[in-house]
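Chemist: The sequence isn't on hand, but the structure is:
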């Protein structure tokens, strides 16, 4: 019976991603993104919790080679997920230490930041629960005080919503369950919605028009500096943090021009979608049915 749970553990999330992402990818992006990893983790916990002995719905738990394999798979999955989480935590800690060495504390437009002596215009939130804004000297020199304040308000929005920490959590869940359909498109959509939500936060603090102008100025400046080396540096620095300038700029600007009610409706996404959360935890319901 445990072998059937493993087969269902792989088949169900594949089908949910395959059929759900094209239809509900934007509205339920987070639930579809994390569903495979949560479902597989709950399946592994259920198999380990029930153990190899006893019966489930009248069938011996570890019957046949597939049943025996399922126990090894469950322990292997939990070990794999734990190692992936530890790897991401260590990387986040190393990144924070690196930024502390590369930057100096400063106050820019009333915001406490880490100032990076780098000519490339760049800004991001760095860290986990207590993240800090990192901004480059190039960004400070490029933008006017009003535009700079709008960019800093955007990054403060990422800090308000703990986006750097959640970024690491969602990346962990993505790395735990690679290979499922539409993973990259859902990941990019989730990052885009995070940026739009931070834009909305900045609009409440300053002006959406100022933020849009600042993003366009930075984008133009980066294009003027474009080179293979710079492109690689931008990609490296955006890894693991929420950058103020990114892709799909035109969509972000259009979102800023919508009415507040439209923006709230378009960008509403709780961290845990109730439907996907309940479905993903369904494998745990097998445990009470287990009889020794």
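Modeler: Right, received. Where do you want to start? Bear in mind the structure is a predicted one, so any value in this text is a computation, not a measurement.

Chemist: ok, then the element right after the least confident helix or strand in the chain by mean pLDDT?
Modeler: Lowest by mean pLDDT, DSSP states H and E among the helices and strands of the chain is strand 242-243, with a mean of 44. Sequence order places helix 249-256 as the next helix or strand after strand 242-243, per DSSP states H and E.

Chemist: Buried residues in that next one, which are they?
Modeler: For helix 249-256, the neighbour count (16 or more other C-beta atoms under 10 Å) marks 252-253, 255-256 as buried. Using the backbone N, CA and C atoms, a C-beta is placed for each residue, glycine as well.

Chemist: Give me the buried positions along stretch 150-162.
Modeler: For stretch 150-162, by 16+ other C-beta under 10 Å, it's 150-159, 161-162.

Chemist: ok, so of those residues, who is nearest residue 105?
Modeler: Nearest to residue 105 out of these is residue 152 (C-beta to C-beta; 14.7 Å).

Chemist: List of residues touching the helix or strand in which the closest one is found?
Modeler: Assigned by DSSP H and E, residue 152 falls within helix 145-160. Helix 145-160 is contacted from outside by 108-111, 113, 123-125, 131-133, 135, 139-140, 143, 164, 194, 197-202, 205-207, 210-211, 213-215, 217-218, 242, 244, using C-beta atoms under 8 Å, 6 or more residues apart in numbering.

Chemist: Tell me which helix or strand comes right after the helix or strand where residue 92 lies.
Modeler: Following DSSP H and E, the helix or strand that holds residue 92 is helix 64-102. Moving toward the C-terminus from helix 64-102, the next helix or strand (DSSP H and E) is strand 103-108.

Chemist: who does that next one pair up with?
Modeler: strand 111-116 (antiparallel) (DSSP bridges).

Chemist: Please point out which parts of the partner strand sit buried.
Modeler: Here strand 111-116 shows 111, 113-116 as buried, counting by 16+ other C-beta under 10 Å.

Chemist: ok, now which ones touch residue 34?
Modeler: So residue 34 contacts 170, 173-174, 276, 280 (C-beta under 8 Å, 6+ apart).

Chemist: try 7 Å
Modeler: 170, 173 (C-beta atoms under 7 Å, 6 or more residues apart in numbering).

Chemist: For it, which three-state class applies?
Modeler: Using DSSP: H, G, I helix; E, B strand; the rest coil, the structure places residue 34 in helix.

Chemist: From residue 198, how far off is it?
Modeler: Going from residue 34 to residue 198 by C-beta to C-beta, to the nearest Å gives 20 Å.

Chemist: Might you list the low-confidence residue ranges for the protein?
Modeler: 1-4, 9, 20-27, 51-68, 226-247, 259-277, 286-292 (pLDDT under 70).

Chemist: go with 80
Modeler: When residues are selected by pLDDT under 80, those of the chain lie in 1-14, 16-31, 49-71, 129, 222-248, 255-292.

Chemist: and residue 118, that's in a helix?
Modeler: No: with three-state DSSP as the criterion, residue 118 is assigned coil and is not in a helix.

Chemist: Just give the nearest non-adjacent residue to it, would you?
Modeler: residue 136 (4.2 Å; C-beta to C-beta, 6 or more residues apart in numbering).

Chemist: Now for that neighbour: which residues touch it?
Modeler: Residue 136 neighbours (C-beta under 7 Å, 6+ apart): 116, 118, 120-123.

Chemist: any idea how far it is from residue 195?
Modeler: From residue 136 to residue 195 the distance is 18 Å (C-beta to C-beta).

Chemist: sorry, back to before: what are the buried residues along the helix holding residue 92?
Modeler: Buried residues in helix 64-102 (16+ other C-beta under 10 Å): 67, 70-71, 73-74, 77-78, 81, 84-85, 88, 92, 95-96, 99.
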